[in-house]
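Trainee: I'd like to go over a predicted model; first the sequence, then the structure.
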Amino acid sequence: MLAPLVLVACSSGGGSPGGEGRSTRATGVATSEPAPDTTSGIEDTGDIEADPARLPTSRGEALAFIDLVIADPASFGPDVIRRSPYESDPATWPVLGTDCVWQQQKPLSSVLATRGRSFEVPAAGGKGPVRLSAVVTVHRSREGARWEMAESVEETMRCPTQQLQKGELIGSLVAATLPHGEGGQVNSADALTEIGQYKSSTLGGPFPYVWQQAQTLQFTVAVTGKGAKGRTEEELDELTNQAQAAMLVRLKSAVEKQS
């Protein structure tokens with residue numbers, strides 16, 4: 001788990017269990033979108049020396065890029081399988097409304113493409129199923145990706161208890177950010193970890209919950225892990241850390257200058 005640099009929220013969970021997990025972030029509060037970044041500079045990239053010619057500039061290129069980067073079951077570990085539905089509709093992304101309930105809406109115009117995938121460690125040996133997700137979002141500019149990261153922090157402060165899809169709730173949320181170079185974080189320009197408790201109307205709870213998001217260049221990558229009976233925080237951390245690291249390695253390979 002990333003060492004907390006900035007704690008931004010903490011509250012006890014409450015209310016009725018909410019729904020299926022989110023895979024990305026976008027606030028439902030009315031805000032202006034970031035101004036387009038028309039520069040081709042490559043600063044603020046973590047440890048990547050990117051080739052501008054390899055950065056996607058169209059929706060088609062962005063979707064192809066996502067296919068190269070997004071996690072598959074093996075990215076999490078040997079016991080992880082696909083859930084159904086496996087992939088989200090790239091024409092939508094989750095938005096946190098003013099009522100702290102997640103809903104699907106059309107992505108902002110600043111987003112070229114986004115896609116999420118759902119996974120599971122099946123129940124076995126008296127332990128419940130671990131539900132996992134991964135998402136990659138390609139913005140038109142670095143500013144758009146930075147904006148998404150900033151709003152992610154705002155969401156935790158605004159809604160320390162959040163309803164996912166029907167039947168699931170997350171609460172007691174605490175978020176911590178680590179910019180590049182802080183606390184040994186060298187894999188992205190900015191990283192955010194959110195931890196809390198997860199409750200399910202079918203699985204029970206509370207169980208450990210973790211969400212990670214990282215930003216580099218015009219991209220954000222995120223993973224979610226929701227615990228279950230008999231599953232430890234350490235197990236959840238290992239699964240999400242492994243998948244997040246795999247996506248960041250793929251991202252670097254996809255955009256880095258070739259020698």
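Mentor: Yep, it's here. None of the values given here were measured: they were computed from a predicted structure. Numbering: from 1, shown residues only.
Trainee: how close does residue 155 get to residue 211?
Mentor: From residue 155 across to residue 211, the span is 11 Å (C-beta to C-beta, to the nearest Å). C-beta coordinates here come from the backbone N, C-alpha and C atoms, glycine included.
Trainee: ranges for the helices of this structure?
Mentor: In the chain, the helices defined using DSSP state H lie at 59-69, 73-76, 142-158, 233-255.
Trainee: lowest-confidence stretch among these?
Mentor: Mean pLDDT per stretch puts helix 142-158 lowest among those, at a mean of 92.
Trainee: how about that one: buried residues?
Mentor: Of the residues in helix 142-158, 142-156, 158 count as buried by neighbour count, 16 or more other C-beta atoms under 10 Å.
Trainee: for stretch 202-212, same thing?
Mentor: Buried, per 16+ other C-beta under 10 Å, within stretch 202-212: 203, 205, 206, 207, 208, 209, 210, 211, 212.
Trainee: could you do stretch 188-202 as well?
Mentor: In stretch 188-202, counting by 16+ other C-beta under 10 Å, buried: 188-200.
Trainee: ok, now stretch 240-254?
Mentor: Result for stretch 240-254 [16+ other C-beta under 10 Å]: buried residues 240-248, 250-252, 254.
Trainee: residue 218: which of these is nearest?
Mentor: Of all those, residue 218 sits closest to residue 251, with 10.7 Å by C-beta to C-beta.
Trainee: OK, contacts around the closest one?
Mentor: Applying C-beta atoms under 8 Å, 6 or more residues apart in numbering to residue 251 gives the contacts 48, 69, 136, 216, 219, 221.
Trainee: between those residues, which sits nearest residue 126?
Mentor: Looking across the contacts of residue 251 and measuring by C-beta to C-beta, the closest to residue 126 is residue 221, at 33.1 Å.
Trainee: the closest one against residue 248, yeah?
Mentor: Yes. Residue 221 lies in contact with residue 248 (C-beta atoms under 8 Å); the separation is 6.4 Å.
Trainee: anything in contact with each of those two?
Mentor: residue 214.
Trainee: farthest pair within the buried residues of helix 142-158?
Mentor: Top of the distance list for the buried residues of helix 142-158 (C-beta to C-beta): 142 and 158, 24.3 Å.
Trainee: just the ones of the buried residues of stretch 188-202 in strands?
Mentor: Within the buried residues of stretch 188-202, residues falling in strands by DSSP state E are 190, 191, 192, 193, 194, 195, 196, 197, 198, 199, 200.
Trainee: is the residue lying closest to the last one once chain neighbours are set aside in a bridge, and if so with what?
Mentor: Think residue 200. Spatial nearest neighbour of residue 200, chain neighbours left out: residue 168 (5.2 Å); criterion: C-beta to C-beta, 6 or more residues apart in numbering. Assessed by DSSP bridges, residue 168 has beta-bridge partners residue 18, residue 200.
Trainee: relative to residue 120, how far out is residue 168?
Mentor: For residue 168, the distance to residue 120 equals 14 Å [C-beta to C-beta].
Trainee: show me which of these two is the more surrounded one.
Mentor: Taking other C-beta atoms under 10 Å, residue 168 and residue 120 do not tie; residue 168 has more neighbours (26 against 20).
Trainee: ends of stretch 82-98, how far apart?
Mentor: 32 Å (C-alpha to C-alpha, to the nearest Å).
Trainee: buried residues in it?
Mentor: Applying a neighbour-count criterion of 16+ other C-beta under 10 Å, one finds 83, 88, 90, 93, 94, 95, 96 buried in stretch 82-98.
Trainee: do stretch 107-120 as well
Mentor: Buried residues in stretch 107-120, counted by 16+ other C-beta under 10 Å: 107-108, 110-120.
Trainee: wait, which of the ones in strands among the buried residues of stretch 188-202 is closest to residue 234?
Mentor: residue 195 (12.5 Å).
Trainee: run the chain-centre distance for stretch 146-163.
Mentor: Centre-to-centre, stretch 146-163 and its host chain are 12 Å apart (C-alpha atoms, centre = their mean, to the nearest Å).
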